[in-house]
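Enquirer: Model the structure of this input:
(one chain, ligands or ions: 1)
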Amino acid sequence: MATTPSDSDPETDDADRTDETADSALVTARRQLERAAAHVDVDEGVIERLKHPTRVEQVSVPLEREDGSVDVFTGYRAQHDDVRGPYKGGLRYHPAVTAQECIGLSMWMTWKCAVMDLPFGGGKGGIAVNPKSLTDDEHERLTRRFAEELRDIVGPTKDVPAPDMGTDAQTMAWFMDAYSMQQGETVPGVVTGKPPVIGGSYGREESPGRSTAIIAREAIDYYGRDLSGVTVAVQGFGSVGANAARLLDDWGATVVAVSDVNGAIYDPDGLDTHAVPTHEEEPEAVLEQDAPKTLSNEELFELDVDVLIPAAVGNVITEDNATDVRADIVIEGANGPTTFAADAILQERGVHVVPDILANAGGVTVSYFEWLQDINRRQWKPEEINEELENKMLSAWNDVREVVETKDLTWRDAAYVVALSRIAEAKAVRGLWP
Ligand code: NAD
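Expert: Just a heads-up that it's a prediction; the model follows:
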């Protein structure tokens, strides 16, 4: 059943969320579109089309529980725009998943794919379910049934899901298997983020952290600093934060503070980031490590460092603490860590904020590499992945930098201008049919 997206205020949908949706992904995505439109010579009709998703599929997903009872969950897939290629974006299992959230996040994916110049448009979906309430078998059955319900609208040339909150490589393997069984052939390119043994890509897991580190390195260089002379603080020591921190540490930066949900450790002489266990290696163990000082997550934001990398959850830099941020450069590793109000304060104070859609886009970029590997049936070596990712990130960085310089915009506005220009140009050339 396809639903018409309602125009109800999505801001109220997600009031208790601590991730990127709390500031309402849809509101943010539309606001960014309007801001970017002011700087791009683009037809009003194109902007109007981009405010709406192409399609939002809502499905019921029945699940037989271990005790034989049946629960029915609601699943969604929002497909925002495919003018540049198949829809691309995650599938999340979370109790607060809604159609509005999926629409907003699918729009973000449209901008992210376009700023990286990937031949994809934006998609996002999920099931309103608490994944912790599912046994492994239930997770598998739910995923297989969801794959079947979405079968007509996904596929390597139509819409390519990936893991997100509450889903992982195993979820993608089940999704790919269910889809392939019904198609009568193995179709690895229907999803990305799979285990490498069935067509997944090396380097996918560390890629958002790697791209965050690459963009941090470029920003540090751009503002005339030497990597070996800069200090870095990282909030969140999970997939994104730990990989970014360790790479910057390896490249010579001094990582003085890292944190998890319980707080931060701080050493002004630099931490050995490889000795601190990541969220995956040992959850919430940061404070157990030896360090001269521990801090709260609030205090981490107030450190007098050169670079601050929020890489935990969304909406952590707000109008309440934006004036306390003492870093010169903020690199957004998490999705939506800076609220709209905080962004204005940081801009006013001359803090350079490099946005999530550029910094953590290594994830969707390596997903694109995975899709290419699946279509070509040729797996790339880890070195090839890192080299191609480096090239893609540098190219996107340079495209955005040029707009920062020529139009005198913030990094965020420039990134959206790059994305919108590409999408608008594609729409203009293809035209509106009929
Ligand atoms: P993760 O679960 O691996 O790690 C999250 C880390 O943040 C953990 O150390 C956790 O203890 C900490 N944390 C959680 N809540 C916190 C809080 N309120 N204050 C301080 N620390 C807190 O997560 P991840 O995959 O690294 O994702 C982090 C962010 O990056 C999210 O916003 C996510 O949407 C975004 N992101 C992730 C990927 C990816 O593929 N992993 C890609 C792009 C963006």
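Enquirer: middle-most residue in this structure, spatially?
Expert: Among the residues of the chain, the one closest to the centroid is N335, at 5.4 Å (Cα atoms, centre = their mean).
Enquirer: ok, it touching A359?
Expert: No. Applying Cβ atoms under 8 Å, one finds N335 not in contact with A359, separated by 10.0 Å. Any C-beta I mention is one placed from the backbone N, CA and C, and that applies to glycine too.
Enquirer: pretty sure K427 is touching V40, no?
Expert: No. The pair K427 / V40 is not scored as a contact, 12.0 Å apart, by Cβ under 8 Å.
Enquirer: in the stretch 1-150 of the chain, which spans are strands?
Expert: Secondary structure of the stretch 1-150 of the chain, counting by DSSP state E, counting those that start in this stretch: strands at 55-64, 70-81, 87-93, 121-127.
Enquirer: Show me what counts as buried in the second one.
Expert: Under the neighbour-count criterion of 16 or more other Cβ atoms under 10 Å, strand 70-81 has 73, 75-81 buried.
Enquirer: Report all helices and strands that it contacts.
Expert: Counting contacts by 3 or more Cβ pairs under 8 Å, 6 or more residues apart in numbering; DSSP states H and E, strand 70-81 is packed against helix 44-50, strand 55-64, strand 87-93, helix 99-115, strand 121-127, helix 136-150, strand 159-163.
Enquirer: List the pairing partners of that strand within its sheet, with orientation.
Expert: Note on strand 70-81: by DSSP bridges, its sheet partners are strand 55-64 (antiparallel), strand 121-127 (antiparallel).
Enquirer: tally of neighbours for the closest residue to the ligand within the chain?
Expert: Using Cβ to the nearest ligand atom, G238 is the residue of the chain that sits closest to the ligand, at 1.6 Å. G238 has 19 neighbours, counted by other Cβ atoms under 10 Å.
Enquirer: Not counting its own residues, what contacts stretch 280-288?
Expert: The contact list for stretch 280-288 (Cβ atoms under 8 Å, 6 or more residues apart in numbering) reads 237-239, 258-265, 276-277, 294.
Enquirer: Contact partners for Y416?
Expert: Contacts here follow Cβ under 8 Å, 6+ apart; on that basis Y416 touches 32-33, 35-36, 111, 115, 357.
Enquirer: Point out the other helices and strands that the lengthiest helix in the chain packs with.
Expert: For the chain, the longest helix by residue count, based on DSSP state H, is helix 382-407. With contacts taken as 3+ Cβ pairs under 8 Å, 6+ apart, helix 382-407 sits against helix 99-115, helix 207-222, helix 356-359, helix 362-376, helix 411-430.
Enquirer: In PyMOL, how would I select the buried members of the contacts of Y416?
Expert: Of the contacts of Y416, the buried ones can be selected in PyMOL as follows, counting by 16+ other Cβ under 10 Å:
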select buried, resi 32+33+35+36+111+115+357
